[in-house]
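Visitor: I'll drop the sequence and a predicted model, then ask my questions.
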Amino acid sequence: MPVNRSLISPTSSALLESALRDKLQRRSETTGSLGELEPLAIRLGLMQNTLKPRLRDPQVVLFASDHGLAVDGLAKAHQRSTREQVLQLLSAQLPVAVFARIQGMELSVVDCGVAETLLPHDRLLMRKIAHGTRNSRVGPAMTVDQAHAAIRAGMEIGDALKGNLVVCAGIGVGSHESAALVLSRLTDSSVRELLIEGPQMNQDDLSHLLAVVQSAQGRHRDISDPVEVLAAFGGFEIAMMVGVMLVSASKRHLVMVDGMAACAALMVASRIAAPVTDYCVFCRSHSHQGLDEALQLFRASALLELGMESTDGTGATLAWPLVRSAAALLTEVAEGEDPGPSRPLVMHTAEGGLLISTDSATAPGPLGTPDVAL
């Protein structure tokens, strides 16, 4: 892999976490507790290694690809083709595009492997690896070389993105099923639980779906390496998100993970470099029961639960104000005239112990923690 695992640092820091908690506690004494915003604020501070996290130029990147598995009849009634979904995104006919615009988020769509040809557009990134993947029931969805090429393309995209926050979501016919196969193999979890939509799902449809995916599982029963699993079952959109996530985490940037395909990408990325999950928060844009199972694999919950049935990425655009507010809780809420330091300070006591402080006016001889380049 072209990624050095050591470039992604865990966010854990007992000193910084204690200072962040102390800062929030002092504020809550006068302003009241802000509930779940506070642990989110602490996570943001740990991600950026600062007492004053700042988020800038948020990016929404939707990765589009077709899947060979779809030839076995996975498409639901009235489901739009991948090409149609991309065109609707680019023409702001879907809520995610409108919400991104009004929230001040820059939206891009990546053609990772759409089966049909797309015309150039200002917000369309042409990174097509092939015109869709192959059918994983009869062979690998892509070659290992193609999987590596897609991951590298994602890394290049991630490296070129503005700002320090990216929303990752995938779209495409067959994307959910391919992602479920990746997650099931990497975590040894039930593919049925990842595919079932809910108690209202037609049992004939579920039976057909299980027959298709279990056939694919049997074809590749001996594969366990994360990139080989990705190549066997996945899509180009999943692979490119792996690259984006790895690069974003190496820069200590926040990744907002929305949907099954993005969860599958994160699982692959975490098998390459485990600390990548430290830089992620989870969102959801639909109530698919399988996504509940996917989130449980990360022991996570979505920032918002609105009961939507929309395109992946929509939930992240609506959760962005919460994330921005959590950062502002540490950065923008006034603490008197002294703006305060951006790093916790350490003082040696007369007894030889250590005293953590965030007050620069009372901290003689600070031994500040080192800055981390963002």
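Guide: Yep, it's here.
Visitor: from here on, contacts and neighbour counts on C-alpha atoms
Guide: Noted.
Visitor: what's the pLDDT at P2?
Guide: We have a pLDDT of 46 for P2.
Visitor: show me which positions of the helix or strand harbouring E29 end up buried.
Guide: Taking DSSP states H and E as the definition, one finds E29 inside helix 14-31. Going by neighbour count (16 or more other Cα atoms under 10 Å), the buried part of helix 14-31 is L16, E17, A19, L20, R21, K23, L24, R27.
Visitor: need the nearest residue in space to the fifth one, chain neighbours excluded.
Guide: Distances taken as Cα to Cα, 6 or more residues apart in numbering put I42 closest to R21, at 7.1 Å, once the chain neighbours are dropped.
Visitor: host element of that neighbour?
Guide: Going by DSSP H and E, I42 is part of helix 37-48.
Visitor: then V281?
Guide: strand 280-283.
Visitor: likewise A261?
Guide: helix 260-272.
Visitor: what is that helix packed up against?
Guide: Contacts defined by 3 or more Cα pairs under 8 Å, 6 or more residues apart in numbering; DSSP states H and E place helix 260-272 against strand 165-171, helix 175-187, helix 226-233, helix 236-250, helix 289-297.
Visitor: and the helix holding I42, which residues are buried?
Guide: The neighbour-count check on helix 37-48 (16+ other Cα under 10 Å) flags L37, E38, L40, A41, I42, R43, L44, G45, L46, M47, Q48 as buried.
Visitor: likewise stretch 258-271?
Guide: Buried, per 16+ other Cα under 10 Å, within stretch 258-271: 258-270.
Visitor: and for the nearest residue to L330 once chain neighbours are set aside, the neighbour number?
Guide: In this structure, L330 finds its nearest non-sequential neighbour in K52, 5.6 Å apart by Cα to Cα, 6+ apart. If you count neighbours by other Cα atoms under 10 Å, K52 ends up with 22.
Visitor: and the pLDDT at K52?
Guide: pLDDT, K52: 96.
Visitor: Three-state assignment for the spatially most central residue of the chain, please.
Guide: Geometric centre of the chain, nearest residue: V257, 2.5 Å, by Cα atoms, centre = their mean. Assigned by DSSP: H, G, I helix; E, B strand; the rest coil, the conformation of V257 is strand.
Visitor: list the contacts of it.
Guide: V167, C168, A169, C263, L266, C280, V281, F282, C283, A316 (Cα atoms under 8 Å, 6 or more residues apart in numbering).
Visitor: try it again at 6 Å.
Guide: C168, F282, C283 (Cα atoms under 6 Å, 6 or more residues apart in numbering).
Visitor: that one and A264, how far apart?
Guide: To A264, V257 is 10 Å away according to Cα to Cα, to the nearest Å.
Visitor: kindly report the same for D258.
Guide: Relative to A264, and taking Cα to Cα, D258 is found at 11 Å.
Visitor: cool, and L124?
Guide: 23 Å.
Visitor: where does the prediction get shaky in the stretch 1-150 of the chain?
Guide: 1-6, 75-78 (pLDDT under 70).
Visitor: can you read off the pLDDT for A363?
Guide: So A363 comes in at 33 (pLDDT).
Visitor: partners of the strand holding V281 in the sheet?
Guide: strand 254-258 (parallel) (DSSP bridges).
Visitor: and the partner strand, how far from the chain's centre?
Guide: Chain-centre distance of strand 254-258: 3 Å, with Cα atoms, centre = their mean, to the nearest Å.
Visitor: over to stretch 228-238?
Guide: 17 Å.
Visitor: what about that stretch, average pLDDT?
Guide: Here the average pLDDT along stretch 228-238 is 97.
Visitor: which helix or which strand is home to D111?
Guide: D111 belongs to strand 106-113 when assigned by DSSP H and E.
Visitor: could you check the angle strand 165-171 makes with that strand?
Guide: For strand 106-113 against strand 165-171, the angle by axes from the mean of the first three to the mean of the last three Cα atoms, to 10 degrees is 40 degrees.
Visitor: which helices and strands does strand 106-113 pack with?
Guide: strand 59-65, strand 124-126 (3 or more Cα pairs under 6 Å, 6 or more residues apart in numbering; DSSP states H and E).
Visitor: out of those, which is closest to G235?
Guide: Nearest of the helices and strands packed on strand 106-113 to G235, taken as Cα to Cα: strand 59-65 at 6.7 Å.
Visitor: helices and strands around the closest one, which ones?
Guide: Packing partners of strand 59-65 (3+ Cα pairs under 6 Å, 6+ apart): strand 106-113, strand 165-171, helix 236-250.
Visitor: how far does the last one sit from the chain's center?
Guide: The chain centroid and the centroid of helix 236-250 are separated by 9 Å, computed with Cα atoms, centre = their mean.
Visitor: ok, and what's touching that helix?
Guide: 7-8, 63-65, 112, 150-151, 154-155, 158, 261, 265, 269, 276, 279.
Visitor: give the buried subset of those residues as a PyMOL selection command.
Guide: Those of the contacts of helix 236-250 that count as buried under 16+ other Cα under 10 Å are selected in PyMOL with:
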select buried, resi 8+63+64+65+112+150+151+154+155+158+261+265+269+276+279
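Visitor: closest one to R252 out of the contacts of helix 236-250, please.
Guide: Each of the contacts of helix 236-250 was checked against R252 using Cα to Cα; the closest is Y279, at 6.9 Å.
Visitor: between the host helix or strand of V86 and strand 165-171, how big is the angle?
Guide: Secondary structure assigned from DSSP H and E places V86 in helix 82-90. Angle of helix 82-90 versus strand 165-171, following the same axes, to 10 degrees, is 150 degrees.
Visitor: hmm, back to that, and the helix holding I42, what does it pack onto?
Guide: By 3+ Cα pairs under 6 Å, 6+ apart, helix 37-48 packs against helix 314-331.
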